[in-house]
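>>> I would like to see how this sequence folds:
(2 chains, ligands or ions: 2)
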Amino acid sequence: MDQLAQRTQDAAAHKPIISFRNIVKRFGSMTAVDNVSLDIMPGEFFALLGPSGCGKTTLLRMLAGFEVPTEGSVLIDGQDMGETPPNKRPVNMVFQSYAVFPHMNVADNVAYGLKIDGLPKDEIKARVQEALDLVQLGPLAARKPDQLSGGQRQRVALARALIKRPKVLLLDEPLSALDAKLREAMRFELSQLQQKVGITFIMVTHDQDEALAIASRIAVMHKGAIAQLGTPSDLYEFPASRFVADFIGSVNMFEGTLIKDGADEAVIACPDLAPYSVHLPHSAPGSAGASVWVAIRPEKLNLHKNASEPPAVPDCPPAHNVARGEIKEISYLGDSSIFHVQLSSGQLLRVSRPNRSRYEQEHFGWGDTVWVSWAGSSPVVLLS
Amino acid sequence: MALEKQSRAAFWVTVLPPTLWIAVFFLIPLGIVWAYSFGHNEGLTGVAITGTFDNYIRAFDPLYLQIFGKSIAVAGLTTLLCLIIGFPVALAIVFANEKMRPLLLLLVMLPFWTNLLIRTYALIAVLRTEGFANWTLAWFWNQGSTLAALVGLQPFPAYQPLELLYNNFAVVVGLVYVHLPFMVLPLYAALDRLDKSLMEASLDLGAGHLRTLFSIVVPLALPGIVSGVIITFVPALGAYLTPDLLGGTDSQMIANVIERQFKRANDWPFGAALSFLLMYATFAAIALRAYLTRGQPADGHGI
Ligand SMILES: Nc1ncnc2c1ncn2[C@@H]1O[C@H](COP(=O)(O)OP(=O)(O)OP(=O)(O)O)[C@@H](O)[C@H]1O
Ligand SMILES: [Mg+2]
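Ligands and ions are numbered 1, 2, ... in the order given. Below is the predicted model:
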């Protein structure tokens, strides 16, 4: 309870626990991190998300002290870290490979950081027990790492870092070495753990599902820079660029021209959708004549049986927000099915439908000609 | 079937020549020397193999035991110095940037490709009375003297060259110089295999560099250290040329004694017995290594 109070207090004070200020990191002529500024608040579960090689690990390693920024500064709890070595920073890291010491048993691994701090023996013992219980490893304390599963090794790494009571816990792709089922279970455990200990977590991942599922805030990185910063739903529903829309979730993207831009109505003509157009019940970014992209998520598209007239879309002028095509492929995913609908322009649309009923009333099959429609609020208009 | 026959033929064709080679030029001569060790001289050139243990009993004479002991001490000191010098070198190569690493390894191995005799004579040029070492020391001495005179102190007495050659010191220097690559290479292999994130994890958990070295790096590199120690100790124990050329009258090692038995003393049976005692000591060292690294996975973890 008091942790929660503490957290709200800190948040109210609006004092970031971590600040990256104009960080640039170059390796030779190669720029790995390109002018990143970022504040992370106490108690956040923050995710750095991006494709391979975008600089996530490098950013995290600058926080831990394993790399020194070429330009800019890193502040932890208001203190400029400068060239403070890793062993003097109030952060701890869970390594991607876990880096569990192979020559020590589980308890010795977990106790390592406290032994270095020179704590009394019985206090170390008590805290090791507490940390092992926290990650449910109590019974395995005497095991050697080579007698542990991947998930158990990861818990050792977690306990070993948490026992130091860091201000911030850094996790580099903590779940990537686990199999799919375990990964999902550990996602839940990680977020439970974070709430229990109340420490700020910063996690690097290239798995967007993982980031959406556990992070309270996400920075999407692209080529060393932050492409967008926001909550998971912000990023999913309001992507700021084609890169983010495409990287987070799956999306249908059309290039088009803004032909009408009013205060409460905008129309975009997309060659791929001709003769129909996209209608929005609000203004669009850019001015009339601008070339834009329209992004629509697959689950926001509706399928209709073939008919001579396009289906009517509520609150939308006729012949807008519709398309006609042929089902080329159906991927059955269990909970939903993905329909690949080919338009006359050749473009493929991905339409996702939940499989609500075990006996499909309205059956759509391979080769069927169908209408696709969407609400005016569904498309996102992007300028870049 | 035909294929099997063919591959069996290929097997014999590839295996037989080297086996014969080893048998004819190594195992058989070794067997002969072993047989000699149980014989005694007959006339000037003959050896009668009588199955006597006299040669071995003679080898346990305090005179020879002392030389054995001294050889072990010198080889041990050499190994220790190689370890102390070689460990930081191997560590530095592992952490050098990728472009430098092959070059540094090449520098370590370069002496291997030079004849031992030439290297030893080069060392004589460095260590002798008018050698480079004394020359450099004399230069510093004279500079110091000039400096002292400048600030008004008594100039130093004339430089007395240090006796660096033809003593035990020279032998150890020479052995360390010759055997350093034997130590550096296995250490490098072990350290290079070590997961760098283990060291980073140790730093991250608050350990300094020294603590990380002794709590993480050394225990994990132990199989490599043991290999390096044995690989250095064994040839150092049997060193012949270095003590012969750099040593004084009291720096002879067991190999020099063996050589004398075969040549000047013309006592082949006794030389053979000494040779085999040296070989048994070597086997003991190798067995010790196998014992110390037993049950080790090849990836260098454990102990
Ligand atoms: N020590 C280094 N020396 C040279 N280049 C490096 C070094 N570390 C990282 N890089 C380069 O910097 C870029 C960013 O690397 P980084 O490891 O931060 O990527 P990442 O986003 O973590 O990718 P991944 O998801 O594959 O782990 C990459 O192109 C990488 O090759
Ligand atoms: Mg990475």
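
>>> which bits of the stretch 51-200 of chain A sit near chain B?
Residues of the stretch 51-200 of chain A lying near chain B by CB under 8 Å from any CB of the partner chain: A:64-66, A:85-87, A:92-93, A:95-97, A:99, A:101-103, A:112-113, A:116-117, A:146, A:157, A:160-161, A:164. Placement of C-beta: from N, CA and C, glycine included.

>>> now the buried members of the residues you listed.
Buried by 16 or more other CB atoms under 10 Å in any protein chain shown: A:64-66, A:86-87, A:92-93, A:95-97, A:99, A:101-103, A:112-113, A:116, A:157, A:160-161, A:164, out of those.

>>> close to ligand 1 as well: tell me which of those qualify.
Among those, not one lies near ligand 1 by CB under 6 Å from any ligand atom.

>>> and residue A:339, that's in a strand?
Yes: under DSSP: H, G, I helix; E, B strand; the rest coil, residue A:339 sits within a strand.

>>> and it, how many residues sit next to it?
23 (other CB atoms under 10 Å in any protein chain shown).

>>> so who does the nearest residue to it once chain neighbours are set aside touch?
With CB to CB, 6 or more residues apart in numbering or on different chains as the criterion, residue A:339 has its nearest non-adjacent residue at 4.4 Å, and that residue is residue A:351. The contact partners of residue A:351, taken as CB atoms under 8 Å, 6 or more residues apart in numbering or on different chains, are A:298, A:301, A:302, A:303, A:338, A:339, A:340, A:341, A:372.

>>> ok, and the most crowded of these?
The most neighbours, when those are compared by other CB under 10 Å, belong to residue A:341, which has 25 neighbours.

>>> is it true that that residue touches residue A:371?
No: judged on CB atoms under 8 Å, residue A:341 makes no contact with residue A:371 at a distance of 9.4 Å.

>>> what sits in contact with each of the two?
A:303, A:323.

>>> strands of the stretch 151-300 of chain B, start to end?
For the stretch 151-300 of chain B, strands defined by DSSP state E, counting those that start in this stretch do not occur.

>>> poorly predicted segments of it, please.
Along the stretch 151-300 of chain B, the parts satisfying pLDDT under 70 run over B:295-300.

>>> make it 80
B:155, B:292-300 (pLDDT under 80).

>>> what residues does it have near chain A?
Close to chain A, as judged by CB under 8 Å from any CB, the stretch 151-300 of chain B has residues B:195, B:197-198, B:200-208, B:211, B:215-216, B:219-220, B:297.

>>> just the buried ones from the residues you listed, in PyMOL syntax?
Provided next is the PyMOL selection string for whichever of those are buried by 16+ other CB under 10 Å:
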select buried, chain B and resi 195+197+198+200+201+202+203+204+205+206+207+211+215+216+219+220
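
>>> just the residues of the stretch 151-300 of chain B next to chain A: which are in helices?
Secondary structure from DSSP state H places B:197, B:198, B:200, B:201, B:202, B:203, B:204, B:211, B:219, B:220 of those in helices.

>>> what's the domain layout of chain A?
For chain A, the structural domains run A:3-244, A:250-305+A:314-382, going by automatic domain parsing.

>>> can you name the residue of the stretch 151-300 of chain A nearest to ligand 1?
Among the residues of the stretch 151-300 of chain A, residue A:206 lies nearest to ligand 1; the distance is 4.5 Å by CB to the nearest ligand atom.

>>> so who does that residue touch?
Applying CB under 8 Å, 6+ apart to residue A:206 gives the contacts A:49, A:50, A:51, A:52, A:56, A:173, A:176.

>>> all strands for the stretch 101-250 of chain A, in order.
A:168-172, A:200-205, A:217-222, A:225-230.

>>> which strands or helices does the first one pack on?
Packed against strand A:168-172 by the contact rule (3 or more CB pairs under 8 Å, 6 or more residues apart in numbering or on different chains; DSSP states H and E) you find helix A:56-64, strand A:91-94, strand A:200-205.

>>> please work out which of these is packed deepest.
strand A:91-94 (a mean of 27; mean count of other CB atoms under 10 Å in any protein chain shown).

>>> and that strand, how far from the chain's centre?
20 Å (CA atoms, centre = their mean, to the nearest Å).

>>> give me every residue in the stretch 51-200 of chain B lying close to ligand 1.
Counting by CB under 6 Å from any ligand atom, no residue of the stretch 51-200 of chain B is near ligand 1.

>>> identify the residue nearest the residue in the stretch 51-200 of chain B that chain A sits nearest to in space, chain neighbours excluded?
Closest approach of the stretch 51-200 of chain B to chain A (CB to the nearest CB) occurs at residue B:197, with a separation of 4.1 Å. Nearest non-adjacent residue to residue B:197, counting by CB to CB, 6+ apart: residue A:99, 4.1 Å away.

>>> how many neighbours does residue 14 have?
If you meant another chain, say so; for now it's chain A. Neighbours of residue A:14 (other CB under 10 Å): 8.

>>> that's the other chain; I wanted chain B
Residue B:14 is flanked by 10 other residues according to other CB under 10 Å.

>>> how close does it sit to residue B:8?
As judged by CB to CB, to the nearest Å, residue B:14 and residue B:8 stand 11 Å apart.

>>> quick check: mean pLDDT of stretch A:185-201?
Averaged over stretch A:185-201, pLDDT sits at 87.

>>> which one of the strands of the stretch 101-250 of chain A lies nearest to residue A:284?
For residue A:284, the closest of the strands of the stretch 101-250 of chain A is strand A:225-230, at 18.6 Å, according to CB to CB.

>>> where do the helices sit along the stretch 151-300 of chain A?
Along the stretch 151-300 of chain A, counting by DSSP state H, counting those that start in this stretch, helices occupy A:180-197, A:208-214, A:232-237, A:242-247.

>>> name the nearest residue to residue A:287, ignoring sequence neighbours.
residue A:261 (6.1 Å).

>>> good, wrapping up.
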